[in-house]
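> The sequence and its predicted three-dimensional model are supplied below.
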Amino acid sequence: MKSIALFFLLLFSFSSCKKAEADLDMKVSAIKLPPKEASASNALYDKEKADINASEKEAPKNIEPKIIKEGNLRFQTNDLTATYTQIQNAVKSHNATIQNDTEGKDYGSVFRRLIIRVPSKNFDLFLKDISKGVAYFDNKEISSQDVTAEYIDIDARLKAKKVLENRYLELLKKANKVSEMLEIEAQLSSIREEIEAKEGQLNYMQNRVSFSTITIEFYKSIAEESGVTASYGMKIWTAIKSGFNSMSSLFINLLSIWPFIIILFAIGYFIRKRFKTKKI
């Protein structure tokens, strides 16, 4: 009987200990540790990422598309001067500028190549004006590149960099130690370089969007004219020179094989002498 009572007493004590441990675990898990203090650089970096995301979200959905247009034309003309005058008139009418002007001569033709920057809004009208009187194009290539997404991304990053620059300037005002000032100024220098690079990219992209580039090459064939200008006397003189050159070439070739010629003459001489001896 005493054994049974002792067994129940031990069982009761064991269950009470288990319950106390469970209550202790629940209390410990309920305690929240204080978060670690983030460094200033990490905080600013996270803030910069947040600013970029916010700028991208704030970007208007109905932003004007950023399209880069380019053209490449090549055609034949009967009058280079008249065609150039026509293009000059179109340049003045549509507020365009001639960026490069090249003249040259190929085999059988003379050409002129122009690189023109024209406002994008006048691109189609400019092409229409310079195409007047052209029977067909040897080459006509028109391309359009949409850079809207890239423009928005660079613009958002530029705004975030400027916000970050202002925060570093505020920190610079509050800095007391020389080491802190030098570190902040180094960060500011790096940020300003990135800002200038982003502004350069945006300005370059906006310039290409605002002004389209058109390369125009027109040429005139001169193969028929060169045939007419050659006179009859010139043709005779050319034939005489050609014959003299051919004779000179033959003589030089004979000189290069003189040993074989001597051997042939020697063989012919002995054969002839032998035949004469037999006849006698």
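Right, received. Where do you want to start?
> quick one: contacts of the one helix or strand V110 maps to?
Element membership of V110 [criterion: DSSP states H and E] is strand 109-119. For strand 109-119, contacts defined as Cβ atoms under 8 Å, 6 or more residues apart in numbering pick out 80, 83-84, 87, 91, 94-105, 126, 210-223. Any C-beta I mention is one placed from the backbone N, CA and C, and that applies to glycine too.
> 7 Å instead?
80, 84, 87, 91, 94-104, 126, 210-222 (Cβ atoms under 7 Å, 6 or more residues apart in numbering).
> Next: stretch 169-181.
I184.
> Do a quick rundown of the helices in this structure.
Assigned by DSSP state H, the helices in the chain fall at 2-30, 40-58, 80-93, 123-130, 148-174, 178-210, 223-229, 232-256, 258-279.
> circling back to that earlier point, next, the angle from the strand holding V110 to helix 178-210.
Angle of strand 109-119 versus helix 178-210, following axes from the mean of the first three to the mean of the last three Cα atoms, to 10 degrees, is 120 degrees.
> who does strand 109-119 pair up with?
strand 97-106 (antiparallel), strand 211-221 (antiparallel) (DSSP bridges).
> Could you pull up the mean pLDDT of it?
Confidence for strand 109-119, expressed as mean pLDDT, is 95.
> same deal with stretch 194-213?
94.
> Can you give the distance of it from its chain's centre?
Taking Cα atoms, centre = their mean, to the nearest Å, one finds the center of stretch 194-213 at 14 Å from the center of the full chain.
> Tell me which residues of it come out buried.
195, 198, 201, 205, 208-209, 211-213 (16 or more other Cβ atoms under 10 Å).
> My read is that N122 contacts T97, right?
No: taking contacts as Cβ atoms under 7 Å, N122 lies outside contact range of T97: 12.0 Å.
> Tell me which of these two has more neighbours.
N122 (17 against 11; other Cβ atoms under 10 Å).
> which one is the more buried one nearest to, not counting chain neighbours?
H94 (4.0 Å; Cβ to Cβ, 6 or more residues apart in numbering).
> Including distance to E170, could the buried residues of stretch 194-213 go into a markdown table?
Putting the buried residues of stretch 194-213 into a markdown table (distance: Cβ to Cβ, whole Å) gives the following:
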| residue | distance to E170 |
| --- | --- |
| I195 | 17 |
| K198 | 21 |
| Q201 | 27 |
| M205 | 31 |
| R208 | 37 |
| V209 | 35 |
| F211 | 40 |
| S212 | 44 |
| T213 | 44 |
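> if we can go back for a sec, of all the strands paired with strand 109-119, which one comes closest to I261?
strand 97-106 (47.3 Å; Cβ to Cβ).
> Report the mean confidence score over the closest one.
Across strand 97-106, the per-residue pLDDT values average to 92.
> That's all I had, so thanks and see you.
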